[in-house]
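>>> Show me the folded form of this:
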Amino acid sequence: MWKLCLCILALGTSMMGQDPFVAPVPALKSPAYDVGLGYDYLVLQDPSAPGVALNGLDANGVMKFSPKWAADIDFSYVRKGNVLGSGRVGYVLNFLAGPEFYLRRYRSVCTFTHVLVGNGLVDSAVPMNEGFLHGWVSRPSFGIGTGIEESFRGPFGVRVYGDYVHTAFANSFAAVEPQNNFRSVVSFVFRLPFKGKD
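As a prediction, the model looks like this:
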C-alpha cells in the first residue's frame, strides 16, 4: 500500500512542476507545393539563323517557403519539324531551377520574378556554304523572367510568364557560341496539399 501512495505522490509532484501558463508549441508549417503543366513557345535568336520558332511542353514545380520566396524547378521541351528547310528536326531541352520572388499580391493575383540555372540541350541545324551543319550541343544554361499567377477556386490556378533563356549552339563556322532565346509559357497549376479551402 505504501508503494502505491509513493507512486501517486511522485506523479503528482511532476504534474505540479509544469507551468500552466506556457502556450502549446505550434506545429511546424510545411511549405506549399504547386505543380504545373503547360504550353511553351520559344524563339531561337541565332546570328546565323535568327527567329526560329519552336513549340512544346513545359512542366514546373514551385515550393513556397514564405509569402515572398519560393524555389522553382522548370523542365521544358520545344521542337520544330523542319529547321530552316534542312529536313532535320530541331529541339531544345532545358532543365532549370532557382529562386522565385513574389513582387506583389492582390486578392487572387500575384506577380513574380525568377532566376533559373541548369543545363540546356540544343539539337538543330545551321546553314553553311555547302548544305547544313547539324548536331547537338549540351551546355549550362540560365533563364530570367517575370510573370503573373492567378488562383481559381480550389487547388487550381494559371501561370503566364516570359523568360530570356540563354543556351549555346554551333554557328556556320562549326564553333559553339551563345544563343539568346525568348520564351512564353502558359501553365495550368495544381496546388498540393489541397485542404478543401479557397
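
>>> partner residues bridging the nearest residue to Gly120 once chain neighbours are set aside?
What sits nearest to Gly120 in space, not counting adjacent residues and going by CB to CB, 6 or more residues apart in numbering, is Ser141, at 3.3 Å. The C-beta positions use only the backbone N, C-alpha and C, and glycine is treated the same way. In this entry, Ser141 is beta-bridged to Gly118, by DSSP bridges.

>>> where are the low-confidence patches of this structure?
Applying pLDDT under 70 to the chain picks out residues 1-30, 46-50, 172, 194-198.

>>> Helices of that one, start to end?
Using DSSP state H, the helices of the chain run over residues 2-16.

>>> State the distance from the residue nearest to Gly120 to Leu116.
Computed as CB to CB, to the nearest Å, the Ser141 to Leu116 distance reads 9 Å.

>>> which residues are common contacts for these two?
Taking CB atoms under 8 Å, 6 or more residues apart in numbering as the criterion, Ser141 and Leu116 both touch Leu96.

>>> If you tally nearby residues, what's the number for Ser138?
Using other CB atoms under 10 Å, Ser138 has 13 other residues around it.

>>> ugh, typo on my part, it should be Arg104
9.

>>> which residues does it bridge with?
Here Arg104 sits in beta bridges with Thr111, as judged by DSSP bridges.

>>> for Ser124, same thing?
Applying DSSP bridges to Ser124 yields these beta-bridge partners: Gly135.

>>> Please look at it and Leu93 and confirm they touch.
No: applying CB atoms under 8 Å as the test, Ser124 and Leu93 come out as separate, 11.5 Å apart.

>>> more crowded one of these two?
Ser124 (28 against 19).

>>> ok, the more buried one to Val186 distance?
Ser124 is 24 Å from Val186, by CB to CB.

>>> Same check on Gly98?
For Gly98, the distance to Val186 - CB to CB - is 20 Å.

>>> just Arg105 next, same as before
For Arg105, the distance to Val186 (CB to CB) stands at 20 Å.

>>> What of Leu37?
Leu37 is 10 Å from Val186, by CB to CB.

>>> neighbour count winner among the two?
Neighbours per residue (other CB under 10 Å) separate Leu37 from Val186, with Val186 holding more: 15 against 12.

>>> List the contacts of the more buried one.
Gly38, Tyr39, Val158, Arg159, Val160.

>>> Over to Tyr161?
So Tyr161 contacts Phe112, His114, Gly145, Thr146, Gly147, Ile148, Ser184, Val185, Ser187 (CB under 8 Å, 6+ apart).

>>> for the residues you listed, which one is nearest Pro67?
Proximity of these to Pro67 (CB to CB) peaks at Phe112, which lies at 11.5 Å.

>>> you'd agree that closest one is up against Phe101?
Yes: applying CB under 8 Å, one finds Phe112 in contact with Phe101, separated by 6.5 Å.

>>> quick one on the thing from earlier: out of the contacts of Tyr161, which are buried?
Neighbour-count burial (16 or more other CB atoms under 10 Å) is assigned, among the contacts of Tyr161, to Phe112, His114, Gly145, Gly147, Ser184, Val185, Ser187.
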